Structure formats: structure tokens, C-alpha cells
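J.: Below is the sequence, then the predicted model.
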Number of protein chains: 2
Amino acid sequence: MAIAIIGTGITKFGELWDKNWEDLVFESSTEAVKNANIDFEDINSCYVGNMNLSRFEGQDHIAPRITEILGINKVIRTEAACASSSIALKLASDEIELSSFKGENKIALVVGFEKMTDRIVGTTTGILAGASHFDTEIINGATFPGLYALLAARYLHETEATEEDLHAVGIKNHKNGILNEKAMFRKEINLEDFRGDIANPLKLFDCSPISDGSASLVLTTEKYAKELGVEFVKLENIEISTSSISLAKRPDLLILDSAKRAAESAYKKADIKPKNIDLIEVHDCFTINEILCLEAAGFAKRGKGYEIIRSLLPYENINKREAPIPYLVDGKEVFVNTSGGLKAKGHPVGATGVAQVVEVVNQLLGRCGKRNVNPEVGATLNIGGTGGTATFSVLRK
Amino acid sequence: MAIAIIGTGITKFGELWDKNWEDLVFESSTEAVKNANIDFEDINSCYVGNMNLSRFEGQDHIAPRITEILGINKVIRTEAACASSSIALKLASDEIELSSFKGENKIALVVGFEKMTDRIVGTTTGILAGASHFDTEIINGATFPGLYALLAARYLHETEATEEDLHAVGIKNHKNGILNEKAMFRKEINLEDFRGDIANPLKLFDCSPISDGSASLVLTTEKYAKELGVEFVKLENIEISTSSISLAKRPDLLILDSAKRAAESAYKKADIKPKNIDLIEVHDCFTINEILCLEAAGFAKRGKGYEIIRSLLPYENINKREAPIPYLVDGKEVFVNTSGGLKAKGHPVGATGVAQVVEVVNQLLGRCGKRNVNPEVGATLNIGGTGGTATFSVLRK
């Protein structure tokens, strides 16, 4: 049974020095409630995903703070690093589905947010490292650029892929981001901009930025959405899978096994195949991860995802093309990260999962203006850490 | 529709210097799985409640670490301060109920844990303060003993209650704790032990301790529990409510409005009244809160809960009585915190919600040895922070 997404809201992503996290949560949620044509009083429960307000700002126990901001008396917080708000979406969809079986018509708000620029102590990279394995990674000084650099190095070693294939992902996503007014970066980058190692072989522009932002969704049953008479998108399902958190325990470094399991389960339940997907937002925290995600989502076999990137060749011409720019997968155009992805749109970690769904919903409803690609079926693939958590959702108009 | 709790597990609570948090999670979960007569492979999902492994030990993204420890590939983490694992239980029960409607027979593991003695930086009191309001409480130096002292002072000011009434709660719970081999403190305390303010009017023995511990539950559908042929307890329901996190925004300092709403909703759905409850585990993080919880749970009106405590008079004789010691509520014996409560059993914050349910389940199944009180209907009332989050569950054999 499908869930109806009847409202979406998203703040601009970026270094938002003039706003605090409460402002962001209020802004995206008010937008979502408004375009769902409901009031906050109509909402039965709120699921909020946030990674680390605790270490960024000293505030745990976020749920009752959301109650203060939005006036909702049932708020639940989840945490799964960069997948935090995808988990919130899953739990909200479970509650709505349950309410459908019970003949109730509940409405849930899902919020994801992160305010990464206001940290009170420590470094942002250090705080984010908490999403990796403390005893084998963090304590040895590993950071996320470093961990993904290991994956990239292994990928380049085992396959025919080159650093330029990685960079092409960033160039494409920056080009797409220009059309997204909520994106953090709205400017072209070129191959020659990829200079200076952040963590070999990853350059600065292979990495997504530190960002602030919030995104919100309003969910209800399909039946009630029709009664309300609002436009909606069907969330066919969202599947979750967890794996080992540490790269050292991963059976195969080039396979995001959690993402593969989540995708396969979601395809099966939605009765579709990868070839049915017209549009997907994937977790390009680092350019290598867009490639690994394409493989996990079934668009290419292990170690062959870079061939999809090469459908953009010659890379010098990417910025001469009209955005949004699709890949060619077995002759079919597939749009990946029309929003600009984490790379250009920004990556306020707790907001990312919901923000991906906001993009796909708005694409399916034709609300993306110049970057609309008129998809029939959309999907999102979100990742926590280096793949310890993965979620895959299938959406359809 | 009731959920079946078919397995319980709990570690000893205390300062467990020779164990790490993984040991504790494994120990309580193995015990729960064993007495549910299933294997870890039979479990579909795991919901884990933890407040702050992030700030105690630098580890976020707990879910995939649990996957590494227990081998379960769908793990979800929730956080709601001291109510963290109660939220986990609510979400697990939603998933099991949903699986029942779908004709599936899912099995979920619920784990709550906290390792508070291994902190890598900061003070435990400072870390716990994250559960209050950053901008109006934390930043002004408020701590939980201080915040609950405000509530206690107001209670003593507005009512006829005395400090001795508060102390009697601690004396009773310590006496009960002697019979609980998993309790942190197993010794009597007396009125003369309540000396020296921690935060006026609260003395040291009005406060629950800093503890390590883990507790686990195995849930499935009632139908499947019967097929498995295991003993089980019915979780009639568990209700959640959130309120303002800050005391300054609470309409009435003496009313835990979130707890009141959760209790009223749970009673209504279970079609019972407070007088039907034989046994309840409540959140006595500070002795004043057992009184506020008794009022919120409907055993007494606002400001009258201390009269229930006075059913223990003369307080000098509490330790001469045989434990577990009941209160008299309108002439009926009601057992509160037979486990020893947070006060004597210990309060590893993330574990507390599940630990409360473990006690009630074992009481209902007659597995509590000398402290068994043969209840028909049991309940738990858990609190996050100073009442920002509250959960109320009703259980029955």
C-alpha cells in the first residue's frame, strides 16, 4: 500500500549564519504544511532526523524542542548519521500505513535538519567522524574524506576508472545545481578546477560541502490525500538496511552491501526493475559514492559504474550541454541528482534524506521549473557513514 | 491488538568498569533471545535506544555497530534522553502491529543501553544536561539535580508535603532493590542518611545514580507467540507524548503534562482506569519525580501524591517491613518500583525505558522470585528530561 506525500518544504542550503536551527526547521515545515494545504493542528505526529545537534550545539532530546517550535505533541527523533531523516521517513510511513489498516487517517510530518556552522566545540570533521567506527577508524584519526579516499583508491586500482571519471560526477552535479535555487553552489566547475588532494585521490571538488539546512515532508494515506483533493506522490516503499559500520569488516570494499539489499528489497516490493527508474537522487557525499550508488542501485555491475559516467564524455563538453544532464544507461536517459546532489546542493547531513525525496516528489509533480525532467518513476538512495546504513525509496506519481 | 513480549534480558546495573557497551548490549540481548526460545537469525529488525554514546564515547551511528555485534541487518536508533528506549519499544510495537495486519509474523528486538562511566571528555552531569533546554537552561549552568530541585521546591511550597515524604520514596525503593540481584544498590537507607544538599531541597539519596547497563526485549505478534508456544506478556499499548522541554514554558510546574496525556491515552486504549493497575514502574530519577509520576498516572490529584507516600508512615518503620513494599491507594495495594526503581536499581539512561518493562513483564510472568507480587495488570511511566518526553505502557498477562 502506497503512502501519499502531500507536502514538501526545503530551505536554501548553505552557510546560513543569520539563521538558527529552529528557524530552519520552522521554515521548511511551514512550507510543507502550506503546500499540503493543512494546518499544523492537523498533524498527528512528527518524525525528526538529525545527526548531531548534541555535539554541534550541546542540545540532545530534540523531540520536545520541536514540540515547542511546531506545537506537535508527538515527536520522535531518529539518528543514523547522514541517513537520519531517511529513517524518520521510514518510521512515519510505517505509522501512516498502520493507521490506514486501522481505518484512521493520520497525518505525519517528517523533518530532517542539520546546523553545522554553529558548532560550540570541536571540529566539524571530527564530529562527523562519529559516524564511522570508533575503535578502528576514529581513534586512528580517520575522517570521512580519508575513508572515502580509501574506497576511491581501491576503485581506481581494481577497475579501469580514472580520476577524471570521478570529477565528471562533480561537474555534472554542479551544472545541475545551477538550476536549483535552493542549492548551496550554483556555478560551473571544470576539470582543471580539480587540483590539490584533500585525501588522495579525492580533490576538493570531489567532496560535498559542510552546510546548514532543513527539509520537510507531509505524509498521509492515499485515501485521505484524495479526500483532501491535494496533488500527491505515492511513496511505494522505503527500505532500510544496515551493514558493518567499519570498512575493515566489509566483505568487499567496492560493494555497498546495505544499499544493494535495500534497493533489491524496494524494487521487489514495488515490482519494478532498475530500468524503470527515470530519476534518482543518490548520496554523492564524495564523487566516488555516486558511482558506488549507481552500482548498488542495479544500474551497473560491480566495478562497472564508471562506464555510466563515461556516457557524459567528452567531459570538457559537460558544461556546454543544457542541464539537467542525464546519464545514458543501456541506451536510456537516467537523471541522477537533478537537484545538484549533495555535491552542489549541499549536505546538511540530517536533512539530506528528506531533501532527496523533496526533489523527487517535486520532479514527479512537475514543480521543478527549468530542471524538470518529467519522470514517471523516481527513487532515492541514501547512505549513512560509509554504508553502515542505507535506505532506498521508490516514488511514483 | 496486543503485542506479545516473549523475551526479556537485563544486565546488572552499576559501575561496570570491566565491560564495554558492546558487552552489555550482547549480554542483555542474548538473554532475551534465549528466553524467547529463538535465535538471532529469526529477528527481522532491531530498535535501539541510547541517549549519548556520541558524547560519552565519540560514537554516533550506533545502528550499524549493533549490526556488527548481533548480526541483524535492520537496526534503527532512537534518542529521547532518558526515554530513548521507550521510544524504541513504541516503534518496534508499531512494526509488529503492522506486520500482523499484513499477515506476516515479524520478530523485533528492542535494546536500551547506556555506558556512562567510560566518558572520553566532559562531565557526566554536563552531558546529561543536553536533555534540557540549551538556550534557557544549559547555557545558564542548569543541571538535572538543579532542575528537579526547582520542581521539588515548588512542590514543597505549594503543598503540605515535607522533605521526609521525598526521602520515604528513596527508602522504599532501596528496600525493594535489595531483592533485585540486577540492582546497583542493595542496601537499606534511613531518614538520617539524607544529609547534605545536592541541590536544595534534594539530598544525595534523593538522586538516582550514574550507571552502566543494558536491557532487551523480544516482541512478536500474539498469534505467532502462541504458535511458538512460549510464555508471553501482552503489551496492550505504549503511548508517547512530548511537551515543552524547558520548565520555563511549562504551564504548571507541578503537572507532567506529557505524562498525563500519555497515561490518559494508554488507559483509554486499554479500556482500564488507574485503579486497575497493580504494579507500575515509574521514573524516580529524583524522589520528587515518583510523586509527580503518581499524580500524572492518575493515582492522585495534582499536589496530592505525597498523601500516597504517607501510606508508608511511620517512615522509621519502612525498613522493618518485608519488601516489596506497596503503597495504599484508596485502600488498594499498589506496588511502585518493585525493581528498586532508578533510585536503587540504577539509571543507565538509555536502558531505563526497556528495563522498566523487563521488570513488569517478569512480575506478570512470576519470574521475580522473592519480590514477585502476582499482579494482573502492570504499567510503566517513563520520562525524558524534566518531562519533555513521556511514555506510558500497559501490560497484562
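T.: Thanks, I have the structure now. Numbering: from 1, shown residues only, chains lettered A, B, ... in the order given.

J.: Can you pull the phi/psi pair for A:N52?
T.: Dihedral angles of A:N52 (phi, psi; degrees, to the nearest 10) stand at phi -150, psi 50.

J.: who are the neighbours in contact with the nearest residue to it once chain neighbours are set aside?
T.: In space, and not counting its chain neighbours, A:N52 is closest to A:I127: 5.5 Å by Cβ to Cβ, 6 or more residues apart in numbering or on different chains. In this view, the C-beta of every residue, glycine as well, is placed from N, C-alpha and C. For A:I127, the contacting residues are A:52, A:55-56, A:119, by Cβ atoms under 8 Å, 6 or more residues apart in numbering or on different chains.

J.: The residues you listed, buried ones only, as a ChimeraX selection?
T.: Remark: buried members of the contacts of A:I127, expressed as a ChimeraX selection using 16 or more other Cβ atoms under 10 Å in any protein chain shown:
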select /A:52,55,56,119
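
J.: Return the distance of A:A142 relative to chain B.
T.: Distance, A:A142 to chain B, by Cβ to the nearest Cβ, to the nearest Å: 12 Å.

J.: before we move on, the earlier item: which one among the contacts of A:I127 gets closest to A:V373?
T.: A:N52 (33.9 Å; Cβ to Cβ).

J.: Kindly state the pLDDT recorded for that closest one?
T.: Note for A:N52: predicted pLDDT of 96.

J.: go on, A:M1?
T.: Note for A:M1: predicted pLDDT of 65.

J.: List the contacts of the residue of the stretch 151-300 of chain A found nearest chain B.
T.: Relative to chain B, the nearest point of the stretch 151-300 of chain A is A:I245 (3.8 Å; Cβ to the nearest Cβ). Counting by Cβ under 8 Å, 6+ apart, A:I245 touches A:131-133, A:385-386, A:388, B:61, B:64-65, B:67-68.

J.: What helix or strand is it located in?
T.: Using DSSP states H and E, A:I245 sits within no helix or strand.

J.: Please apply the same query to A:G9.
T.: Assigned by DSSP H and E, A:G9 belongs to strand A:3-10.

J.: now do the same end-to-end measure for stretch A:17-26.
T.: Chord length of stretch A:17-26, first to last residue, is 16 Å (Cα to Cα, to the nearest Å).

J.: List the contacts of it.
T.: Counting by Cβ under 8 Å, 6+ apart, A:11, A:16, A:27, A:48, A:53, A:57, A:65-66, A:69-70, A:111, A:113-115, A:117-118, A:212-214, A:216 sit against stretch A:17-26.

J.: Swap in 6 Å and give it another go.
T.: Contacts to stretch A:17-26, defined as Cβ atoms under 6 Å, 6 or more residues apart in numbering or on different chains, come from residues A:11, A:69, A:111, A:113, A:115, A:214.

J.: How much space separates the residue of the stretch 151-300 of chain A closest to chain B from B:V360?
T.: To B:V360, A:I245 is 33 Å away according to Cβ to Cβ, to the nearest Å.

J.: so how far is A:T389 from the residue of the stretch 151-300 of chain A closest to chain B?
T.: 8 Å.

J.: Ok, A:S244 next?
T.: 11 Å.

J.: Between the two, which is the more surrounded one?
T.: Shown here are A:S244 and A:T389; by other Cβ atoms under 10 Å in any protein chain shown, A:T389 has more neighbours (35 against 19).

J.: Run through the bridge partners of that one.
T.: Using DSSP bridges, the bridge partners assigned to A:T389 are A:T242, A:G384.

J.: And A:F392, its phi and psi?
T.: Here is the backbone geometry of A:F392 (degrees, to the nearest 10): phi -140, psi 130.

J.: Does A:I308 touch A:A300 like I think?
T.: Yes. Using Cβ atoms under 6 Å, A:I308 is in contact with A:A300, at 5.5 Å.

J.: biggest helix in chain A, by residue count?
T.: Using DSSP state H, we find that the single longest helix of chain A is helix A:84-101.

J.: Show me what counts as buried in the helix or strand following the strand holding A:G9.
T.: Counting by DSSP H and E, the next helix or strand C-terminal to strand A:3-10 is helix A:21-35. Across helix A:21-35, burial judged by 16+ other Cβ under 10 Å covers A:21-29, A:31-33, A:35.

J.: can you check stretch A:228-246 too?
T.: Neighbour counts over stretch A:228-246 (16+ other Cβ under 10 Å) mark A:228, A:230-246 as buried.

J.: What are the contacting residues of the very next helix or strand once past the longest helix of chain A?
T.: Reading on from helix A:84-101 to the C-terminus, the next helix or strand found by DSSP H and E is strand A:107-115. Outside of strand A:107-115, the residues within contact range by Cβ under 6 Å, 6+ apart are A:21, A:24-25, A:29, A:42-50, A:85, A:88-89, A:92, A:95-96, A:212, A:214-220, A:348-351, A:353-354.

J.: Adding secondary structure and distance to A:T162, write the contacts of A:I245 out as JSON lines.
T.: Output for the contacts of A:I245, formatted as JSON lines (DSSP: H, G, I helix; E, B strand; the rest coil; distance: Cβ to Cβ, whole Å):
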{"residue": "A:A131", "secondary structure": "coil", "distance to A:T162": "29"}
{"residue": "A:S132", "secondary structure": "coil", "distance to A:T162": "27"}
{"residue": "A:H133", "secondary structure": "coil", "distance to A:T162": "30"}
{"residue": "A:G385", "secondary structure": "coil", "distance to A:T162": "26"}
{"residue": "A:T386", "secondary structure": "coil", "distance to A:T162": "22"}
{"residue": "A:G388", "secondary structure": "coil", "distance to A:T162": "28"}
{"residue": "B:H61", "secondary structure": "coil", "distance to A:T162": "31"}
{"residue": "B:P64", "secondary structure": "helix", "distance to A:T162": "31"}
{"residue": "B:R65", "secondary structure": "helix", "distance to A:T162": "35"}
{"residue": "B:T67", "secondary structure": "helix", "distance to A:T162": "34"}
{"residue": "B:E68", "secondary structure": "helix", "distance to A:T162": "34"}
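
J.: So, low pLDDT: which residues of the stretch 1-150 of chain A?
T.: Across the stretch 1-150 of chain A, the ranges flagged by pLDDT under 70 are A:1.

J.: what's the helix or strand for the residue nearest to A:N52?
T.: For A:I127, the element it lies in under DSSP H and E is helix A:124-129.

J.: From the rest of the structure, what touches the next helix-or-strand element following that helix?
T.: Per DSSP H and E, the first helix or strand lying C-terminal to helix A:124-129 is helix A:144-158. Applying Cβ under 6 Å, 6+ apart, the contact partners of helix A:144-158 are A:128, A:161, A:198-199, A:201-202, A:207, A:253, A:286, A:288, A:303, A:386.

J.: so where's the stretch 151-300 of chain A shaky on pLDDT?
T.: Using pLDDT under 70, the stretch 151-300 of chain A has no residue that qualifies.

J.: Would you mind listing what in it touches chain B?
T.: Residues of the stretch 151-300 of chain A lying close to chain B (Cβ under 6 Å from any Cβ of the partner chain) are A:240-242, A:244-245.

J.: let's see 10 Å
T.: Proximity of the stretch 151-300 of chain A to chain B, by Cβ under 10 Å from any Cβ of the partner chain, involves residues A:239-246, A:249, A:257-258, A:261-262, A:265.

J.: Quick one: the strands in the stretch 201-350 of chain A, in order.
T.: Counting by DSSP state E, counting those that start in this stretch, the stretch 201-350 of chain A has these strands, from start to end: A:202-203, A:212-221, A:233-242, A:279-282, A:327-329, A:332-336.
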